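Enquirer: return a 3D structure for these sequence lines:
(one chain, ligands or ions: 1)
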Amino acid sequence: MTLDSLSRDQLDAFLAEQQQAYADLQQAGLKLDITRGKPSSDQLDLSEGLLTTPVEDHVSGGVDVRNYGGGTGLAELRAIFAELLGVPVDQLVAGNNASLSMMHDSIVFAMLHGTPGGSPWKDGPVKFLCPSPGYDRHFAICEHLGIEMIPVAMLEDGPDMAAVREHVTDPAVKGIWIVPTYANPTGAVVSEQVAAELASLDTAAGDFRIFWDNAYAVHDLTDQHVKSADIVGLCSAAGHPDRPLMFASTSKITLAGSGVSFLAGSPDNIAWYLSHTAVRTIGPDKVNQLRHARFLGSPQGVLDLMARHREILAPKFEAVLRILSERLGPHEVATWTTPKGGYFVSLDVVDGTASRVVQLAKEAGISLTPAGASFPYGKDPRDRNIRIAPSFPPMAELTQAMEGLATCVLLAAAEKAVSA
Ligand code: PMP
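Expert: Predicted structure coming up:
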């Protein structure tokens with residue numbers, strides 16, 4: 001029964017029922033955490049072989065991987081990921097363990113030195129379009145560097161292009177964050193059409209950049225592989241070859257803390273990026289790159305490994321969706337995404353109650369990502385969004401946490417309905 005259809009007495013009874021359920025939850029003395037999208041140890045075990053992959057011959061393509069140098073990264077590994085990411089291998093750089101660092105550095109380079117042929121961004125106001133809900137660490141980079149964030153809605157096929165079109169008439173708008181495939185946290189996939197429109201947009205800033213963070217390019221939760229739009233090709237065809245910077249990594253393919261990151265873009269952007277990183281480092285960790293190339297073997301090797309991740313992850317997502325639908329569905333107090341890949345489920349509870357839900361959960365021993373985290377400045381204008389990360393906890397803990405979360409959502413909704 002929906003809360004709207006209840007009489008006052010029925011609503012009071014419903015609230016009392018939820019308060020009792022919550023008191024029982026607190027009694028259970030839980031200590032659970034569904035905050036961050038980390039791989040579980042079962043998933044990390046899939047790449048145990050990476051630690052023992054023989055690399056003692058230490059040579060790849062004539063390069064002694066133990067030494068300094070090779071800023072572009074090992075060709076052997078780049079060849080595997082160029083195919084998976086759909087970019088030319090000579091337009092792909094392999095770096096160290098975090099694509100987030102590449103994103104951060106690219107923005108810092110643009111701020112301090114400008115993009116190829118452009119003036120330093122820091123010389124004027126800098127604004128970024130932030131499809132929301134989105135990835136909190138993208139927003140943290142902007143906040144940290146004093147970049148003003150403009151939220152635009154993240155829809156099922158990508159950012160709200162009407163809003164994007166309007167904002168890019170401002171020359172201070174220098175960039176947009178996009179997680180094109182299985183977006184964090186909604187799971188949305190940017191359609192070909194939206195990608196083509198982003199590629200051909202008329203922007204007031206000639207040095208406008210699309211930060212195309214393809215962190216979940218091969219992270220399908222079903223056996224249907226969803227191919228990301230070819231943003232590098234689309235932008236090139238539209239006459240804006242330097243517009244996209246594509247990022248990816250093996251963080252959620254092999255070892256989250258010890259993977260390899262990638263950056264792809266136009267030849268000018270790659271030369272620009274390497275000219276700055278050459279000052280920052282005398283070369284990436286090529287031993288780890290060689291280990292990855294040998295352990296993964298081929299693009300198919302990567303897809304085979306991802307199928308094994310899916311075997312672990314898909315049942316967890318199914319459990320999350322089942323509990324949401326069983327516990328919350330009948331009361332119509334929430335909506336949620338049904339992602340076909342990636343690492344998150346995005347839950348929208350009754351407007352104005354997300355912070356209360358997170359607080360209730362915390363007081364019952366269940367850690368959730370702070371309400372609003374998926375929005376610029378941590379401010380969800382409707383205070384309704386909660387990001388659920390099913391990957392890390394073992395199944396039993398995940399289902400306990402989800403049952404507890406459902407209780408908190410219902411209690412917060414009942415409190416709000418009674419006070420209305
Ligand atoms: N981008 C997105 C969208 C992510 O969700 C994550 C991890 N949570 C990252 C980047 C981080 O990637 P990396 O480990 O390569 O820094």
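
Enquirer: what's the separation between the nearest residue to residue 299 once chain neighbours are set aside and residue 96?
Expert: In space, and not counting its chain neighbours, residue 299 is closest to residue 83: 4.5 Å by C-beta to C-beta, 6 or more residues apart in numbering. The way it works is simple: take the backbone N, C-alpha and C, and place the C-beta from them, glycine included. Shown here: residue 83 relative to residue 96, a distance of 22 Å by C-beta to C-beta, to the nearest Å.

Enquirer: cool, and residue 188?
Expert: Distance, residue 188 to residue 96, by C-beta to C-beta: 29 Å.

Enquirer: same question for residue 181.
Expert: From residue 181 across to residue 96, the span is 23 Å (C-beta to C-beta).

Enquirer: please apply the same query to residue 298.
Expert: 23 Å.

Enquirer: more neighbours: which of these two?
Expert: Higher neighbour count among residue 298 and residue 96: residue 96, with 19 against 13, using other C-beta atoms under 10 Å.

Enquirer: look up how far residue 88 lies from the more buried one.
Expert: Look at residue 96 and residue 88: by C-beta to C-beta, they are 22 Å apart.

Enquirer: likewise residue 29?
Expert: 56 Å.

Enquirer: when these two are compared, which one has more neighbours?
Expert: In this comparison of residue 29 against residue 88, neighbours counted by other C-beta under 10 Å, the higher total goes to residue 88 at 13 against 8.

Enquirer: so where does the nearest residue to the more buried one once chain neighbours are set aside fall, helix or strand?
Expert: Taking C-beta to C-beta, 6+ apart, and ignoring the residues beside it in sequence, residue 88 has residue 82 as its nearest neighbour in space, at 6.5 Å. Secondary-structure assignment from DSSP states H and E places residue 82 in helix 75-85.

Enquirer: report whether that helix contacts the ligand.
Expert: No: contact check for helix 75-85 against the ligand, using C-beta under 6 Å from any ligand atom: none in range, with a minimum separation of 12.5 Å.

Enquirer: which elements pack onto that helix?
Expert: Judged by 3 or more C-beta pairs under 8 Å, 6 or more residues apart in numbering; DSSP states H and E, helix 75-85 is in contact with strand 92-94, strand 244-249, strand 261-264, helix 286-296, helix 299-327.

Enquirer: now do it against helix 286-296, angle only.
Expert: Here helix 75-85 runs at an angle of 60 degrees relative to helix 286-296 (axes from the mean of the first three to the mean of the last three C-alpha atoms, to 10 degrees).

Enquirer: buried sites along helix 75-85?
Expert: Counting neighbours by 16 or more other C-beta atoms under 10 Å, one finds that the buried residues in helix 75-85 are 75, 76, 77, 78, 80, 81, 82, 84, 85.

Enquirer: spit out the contact partners of the first one.
Expert: In other words, residue 75. The neighbourhood of residue 75, defined by C-beta atoms under 8 Å, 6 or more residues apart in numbering, consists of 60, 61, 89.

Enquirer: what is the nearest of these to residue 277?
Expert: The closest of these to residue 277 turns out to be residue 89 (C-beta to C-beta; 18.2 Å).

Enquirer: tell me the contacts of residue 11?
Expert: Applying C-beta under 8 Å, 6+ apart, one finds that residue 11 lies in contact with 3, 414, 417, 418.

Enquirer: of the residues you listed, which belong to strands?
Expert: Judged by DSSP state E, the subset of the contacts of residue 11 located in strands is empty.

Enquirer: quick one: which of the residues you listed has the most company?
Expert: Tallying neighbours with other C-beta under 10 Å puts residue 414 at the head of those, with 26 neighbours.

Enquirer: so what's it closest to, chain neighbours aside?
Expert: Leaving aside its sequence neighbours, residue 414 is closest to residue 15 (4.2 Å, by C-beta to C-beta, 6+ apart).

Enquirer: burial check on that neighbour, number of neighbours?
Expert: There are 21 residues near residue 15, going by other C-beta under 10 Å.

Enquirer: what helix or strand is whatever residue of the stretch 301-420 of the chain ends up closest to the ligand located in?
Expert: Scanning the stretch 301-420 of the chain for proximity to the ligand using C-beta to the nearest ligand atom identifies residue 343 as nearest, at 6.3 Å. In this structure, residue 343 sits in neither a helix nor a strand according to DSSP H and E.
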